[in-house]
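**Q** Curious how this folds, go ahead:
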Amino acid sequence: MSVKAFELVPAVERDLLMGDKARINIECIECCGKHLYVGTNDCFIHHFLLDEVTSSKGKLSYSTQKLLHKYLGLKKPVAELRAASALERLIVLCDGIVFLVDMVTLESVPSAAGGGVKIRGVTAFCVNENPVNGDPFCVEMGVLSSKRRTVQVYMVYEDRVQLVKEVNTPEQPCAVSIDGYFLCLALTTQYMILNYNTGASQDLFPYNSEERRPIVKRISREEFLLAAPGGLGMFANSEGASQRAPVNWSESVIAAAVCFPYVVALDENFVTIHSMLDQQLKQTLSFRDGRVLQDFEGKVMLASTKSVYVLVPLPLERQIQDLLASHRVEEALVLTEGAQRNIPKDKFQVLYRRILQQAGFIKFGQLQFLEAKEHFRKGELDVRELISLYPLLLPASSSFMRCHPPLHEFADLNHLAQGDQEKVLRCKKFLISYLGEVRSTDVVNGCRDDVDTALLKLYAEQDHDSLLDLLASDNSCVLTDSVPWLEKYHKYFALGLLYHFNGQDAAALKLWIRVVDGELQDSTRSDLYEYIVDFLCCSSSMEIVWKYADWALRKDPTTGIRIFTKRPVGKDRSEVNPDEVITYLGKHNQALLLYMEHLVLERKIQKEKFHTHLVVLYLDRVMLLLSESPTDEGQLTRAREKLQAMLRESDLYRVQFVLGKMESCDKLLLERATLHGKLEEHDKALHILVHKLRDFPSAEAFCIWASSNRDPAYRQQLFHLLLGVYLDGTPPGKGQAAGGKMEMAAVDLLNRHGEVFDAVRVLRMLPESWSLQLLRPFLNRAVRASMHAGRTSQIALGLARSENVQLLHDRLKERRKPIIVSEKKGCHLCHNTFSEPGVVCLPGGVPVHVHCAAQRAAVLLGEQEAQTRIQFQLWRERHEGSRLSATVFSCSFMCSTGADLEIPAQFLSASVPSSLKKSWCLCCRLPVLLYNISRFCITVFDMATL
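**A** A predicted model of the protein is given here:
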């Protein structure tokens, strides 16, 4: 792919060089700054002064002035010229002799000892551009001898040359280039790298010097360019390796030079220019009779036999822009990256970002969106450059101006698509994707409003699912620009979200209500009414809640009441006063009932007024249904079940008040019975259930409910009361059949709940005429229960006696153990030694003074005795009447006080409180553990003796 990288500009015309002498030809050239030296075949050196001239149009030309020419006095052409500017000397090779001439006068330089400074028998030489000698006024030079297979290294001074090294080679060298200690040599049949300091060498590749002229060119530090077989330009470093791909140039190349990132090659008819970055041929210039190609400090010069030219590189930016203009994006990027080392870092970063942005727009125009996105990302594109291609996407308040010079050639998206709507759609989808990725990155810093507004407009236009996600999250959409766009595409729900994000909740609710009421059409959410209810439920503004809750309750009380029942409580949401809500719901009966159920049944608020209110609402509902004609039995049944459950389960409502409201209604007898039960008027309740309702199962259920959470005696009393109602006979006005049903109900009651009744008392209540066969299930159960209780008592008594015997045995064993007291032992309480044999023995066989034990008992006696006796009295009162036996302990140590304490211990049941399982002996004041009483005497008493 061609690109114009260089221009060929004349420097020395034919007339200025040779006048009318047609047989003079150029053999070599050398340039040092503005000074140009030309060696010819007639043994002359011509000195010219070159001045660069830039025209008004930016075109470069050269103004050339001939300063001097000098005949060297030899008969052969001038073969090579090299400038040593620090010495103001020219190194000249002519007729196999190397000598020095003055750069100004072109006179030969005599040596300090007299005569000329000359090296004879030379075929070629080169100057070391990376010298190893630190002397700035000395030039290192490599010389090839025509008579020996050697390379000689000289130091060239102002008036002398000095041989410092001579290195042998396996073949006769014919071309050389030097860098530091490394010599790159073209031998007769091959190239090689030679380190003249260490003598190490590395063969490169074969080459036939008889077929074509060898080329050895230093291009950078320890890197060389060589002419290889097959028309290849090979790169080799000092280690003999190639770090660049070869350049494919002509077979007949006679000279080469490097002007990074290009390799310039000269053959007989053309100048070819290849890229070192991608090895592609970039430019070809026609150039006949070419003789010399050389680069001088970045300036590439070439000469034909008659004229000298400068190969002027075009500015890098122009080359890149030319590549971009022809849509050769990859080449432009490669060229830009390759030129990085020649451009200051800051300037390169600016240039590279711009090139990437331009490349991105080129790929965008070709609909290659993945590549475009990558170039935009790397080039840190101001995303508004892309948005500005889409008409009306940027908000009117945006201050964005497109980059100048422009990054692309498109006026807008319509210009790019040329009316192709499919292209327009693809471009919009790409922008949606790209903006969605970059909106959360630093790329959009400073232009978040523009990006979010553009994204909103695209979402609305394309009916994109992410519109709601954008508006529900933190966004910077411009309200004034977004409202008409959302209205245009009927995105009223999204518009409400935008209002809400901007703190305009009232506007959002008005809009949504119009959608629910059918004034506006938006199918975004089919459950918009429920969303409004949840929105009001979570709103922190009670003013808005009071304003719009009425609409929600009128629409659907069951759902609308969630505004108050599901309202969360947080830092910015205070709890709503239930009294205010109840007052507000006064005209919404169904909603009020649901709210009262929420307070009482869900939140379980224990306030009489709420419970009474809920009961009254239930009652009103039931009475309303009873008054309707025809009555809806299903609704009535459900309403009565709620009322009955509330009457049974709540203990906070005003029973007398509710009972008064029911007195006039004979259809609510079951509810009245429940209320009588709440008032402990069980006889009235059972009378209603048995005699008025004739509902015997409900009567039994009433007894079970009324005695729940009460002791067994209370339940027994209720069942005996019900049995009495059954046995009292038929009320006045009822027939014999009714009396028979009562008797059967009594029999069923006894047979189903026999374990509750006192069998002796029941037998006394039953009529003499009843047969035992009717009562057989009841009597069987009563006999079994009595026998079980008696046998259980006998087992408990036997276990207690066994434990008593075991403890007596342990006590006797303890008494047989000797207690040793001596003057050397101390009292455990006062720590003084014993002086007399009278002691008190504590549990475990620990002896203490008698007076110490007495003093300790006196201190603790009052509080411990009072506490223990109070606990025992409470326990005794709670178990009064029990026929069980108790195990009683008393301390019987040999204490001088003679005090003892009776402490009831745990017997087989678990009825002894934990506080009684540990007490203190009033004699010795040591802990008495009721499970470890091996040192106490045990006596078993009947409870009646206590």
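
**Q** The nearest residue to Lys566 once chain neighbours are set aside: neighbouring residues, count only.
**A** Nearest residue to Lys566, sequence neighbours excluded (CB to CB, 6 or more residues apart in numbering): Cys537, at 5.1 Å. Using the backbone N, CA and C atoms, a C-beta is placed for each residue, glycine as well. As a burial measure, Cys537 scores 19 neighbours (other CB atoms under 10 Å).

**Q** contacting residues around Cys537?
**A** Contacts for Cys537 (CB atoms under 8 Å, 6 or more residues apart in numbering) come out as 562-564, 566-568.

**Q** just Pro777 next, same as before
**A** Taking CB under 8 Å, 6+ apart, we find Pro777 in contact with 750-751, 754.

**Q** who wins for most neighbours among those residues?
**A** In these, the most neighbours by other CB under 10 Å go to Leu750, 24 neighbours.

**Q** coming back round to it: which one of the contacts of Cys537 has the most neighbours?
**A** Neighbour counts for the contacts of Cys537, by other CB under 10 Å, peak at Ile563, which reaches 26 neighbours.

**Q** can I assume that residue is in contact with Val533?
**A** Yes. Using CB atoms under 8 Å, Ile563 is in contact with Val533, at 5.8 Å.

**Q** Could you tell me which residues touch both of these two?
**A** Common contact partners of Ile563 and Val533 (CB under 8 Å, 6+ apart): Ala552.

**Q** Would you map the helices across the stretch 601-750 of the chain?
**A** Secondary structure of the stretch 601-750 of the chain (DSSP state H, counting those that start in this stretch): helices at 608-627, 633-649, 655-662, 669-678, 682-687, 696-706, 712-727, 736-752.

**Q** Ok, which of the ones you listed comes nearest Cys427?
**A** Closest to Cys427 of the helices of the stretch 601-750 of the chain is helix 633-649 (CB to CB; 62.2 Å).

**Q** Check what contacts the closest one and list those residues.
**A** The contact list for helix 633-649 (CB under 8 Å, 6+ apart) reads 600, 611, 614-615, 618-619, 621-622, 625-626, 653, 658, 668, 670-671, 674-675, 678, 705.

**Q** what is the rounded mean pLDDT of that helix?
**A** Mean per-residue pLDDT for helix 633-649: 93.

**Q** what's the angle from that helix to helix 669-678?
**A** Relative orientation of helix 633-649 and helix 669-678, computed by axes from the mean of the first three to the mean of the last three CA atoms, to 10 degrees: 0 degrees.

**Q** Tell me which residues of helix 633-649 come out buried.
**A** 636, 639-640, 642-644, 646-648 (16 or more other CB atoms under 10 Å).

**Q** can I see the domain layout of this protein?
**A** Following the TED database, one gets these domains for the chain: 6-314, 315-381, 680-730+739-808, 825-859.

**Q** TSV for those, including mean pLDDT and distance to Arg402?
**A** Shown next, in TSV, are the domains of the chain (pLDDT from 0 to 100; distance: least, CB to CB, whole Å):
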stretch	mean pLDDT	distance to Arg402
domain 6-314	88	26
domain 315-381	89	11
domain 680-730+739-808	89	84
domain 825-859	81	101
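
**Q** Which of those domains sits closest to Leu455?
**A** Closest among the domains of the chain, using CB to CB: domain 315-381, at 15.5 Å.

**Q** now do the same end-to-end measure for that closest one.
**A** Across its full length, domain 315-381 reaches 24 Å end to end, with CA to CA, to the nearest Å as the criterion.

**Q** cool, and stretch 89-102?
**A** With CA to CA applied, stretch 89-102 spans 5 Å between its terminal residues.

**Q** for stretch 324-334, same thing?
**A** Distance across stretch 324-334, first residue to last, is 12 Å (CA to CA).

**Q** and that stretch, which residues are buried?
**A** Under the neighbour-count criterion of 16+ other CB under 10 Å, stretch 324-334 has 324, 328-329, 331-334 buried.

**Q** and if you look at stretch 277-288?
**A** Using 16+ other CB under 10 Å as the test for burial, stretch 277-288 gives 277, 281-283, 285, 287.

**Q** With secondary structure and distance to Leu842 added, can I get these in a markdown table?
**A** Putting these into a markdown table (DSSP: H, G, I helix; E, B strand; the rest coil; distance: CB to CB, whole Å) gives the following:
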| residue | secondary structure | distance to Leu842 |
| --- | --- | --- |
| Leu277 | coil | 104 |
| Leu281 | strand | 116 |
| Lys282 | strand | 114 |
| Gln283 | strand | 118 |
| Leu285 | strand | 124 |
| Phe287 | coil | 128 |
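
**Q** which of those residues lies closest to Asn577?
**A** Nearest to Asn577 among those: Leu277, at 79.0 Å, using CB to CB.

**Q** For that closest one, list the residues it contacts.
**A** For Leu277, the contacting residues are 261, 334-335, 337-338, by CB under 8 Å, 6+ apart.

**Q** I'd like to know which of these are buried.
**A** The neighbour count (16+ other CB under 10 Å) marks 261, 334-335, 338 as buried among the contacts of Leu277.

**Q** Could you dump those into CSV with secondary structure and distance to Gln773 added?
**A** CSV is the format used below for the buried ones among the contacts of Leu277 (three-state DSSP; distance: CB to CB, whole Å):
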residue, secondary structure, distance to Gln773
Pro261, coil, 123
Val334, helix, 115
Leu335, helix, 119
Gly338, helix, 119
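
**Q** Just flag the most distant two among these.
**A** Largest separation among the buried ones among the contacts of Leu277 by CB to CB: Pro261 and Val334, giving 8.6 Å.

**Q** who touches both of these two?
**A** By CB under 8 Å, 6+ apart, Pro261 and Val334 have these common neighbours: 275, 277.

**Q** Mean neighbour count, the helices of the stretch 601-750 of the chain: which tops it?
**A** Ranked by mean neighbour count under mean count of other CB atoms under 10 Å, the helices of the stretch 601-750 of the chain are led by helix 669-678, which reaches a mean of 22.

**Q** hmm, who's touching that helix?
**A** Contact with helix 669-678 is made by 619, 640, 643-644, 647-648, 651, 655, 658-659, 662-663, 682, 684-686, 688-689, 692-693, 695, 698, 702, 705-706, as judged by CB under 8 Å, 6+ apart.

**Q** Kindly recompute the last result at 7 Å.
**A** With contacts defined as CB atoms under 7 Å, 6 or more residues apart in numbering, helix 669-678 is touched by 643-644, 647-648, 655, 658-659, 662, 684-685, 688-689, 692-693, 698, 702, 706.

**Q** Kindly report the same for stretch 95-103.
**A** Here stretch 95-103 has contacts from 74-76, 83, 88-92, 107-109, 116-122, 125, 143, 146, using CB under 7 Å, 6+ apart.

**Q** Kindly recompute the last result at 8 Å.
**A** For stretch 95-103, contacts defined as CB under 8 Å, 6+ apart pick out 32, 35, 37, 45, 70, 72, 74-76, 83, 85, 87-92, 107-109, 116-123, 125, 143, 146, 156, 159, 161.

**Q** List buried residues within those residues.
**A** Buried members of the contacts of stretch 95-103, counted by 16+ other CB under 10 Å: 32, 35, 37, 45, 70, 72, 83, 87, 89-92, 108-109, 117, 119, 122-123, 125, 143, 156, 161.
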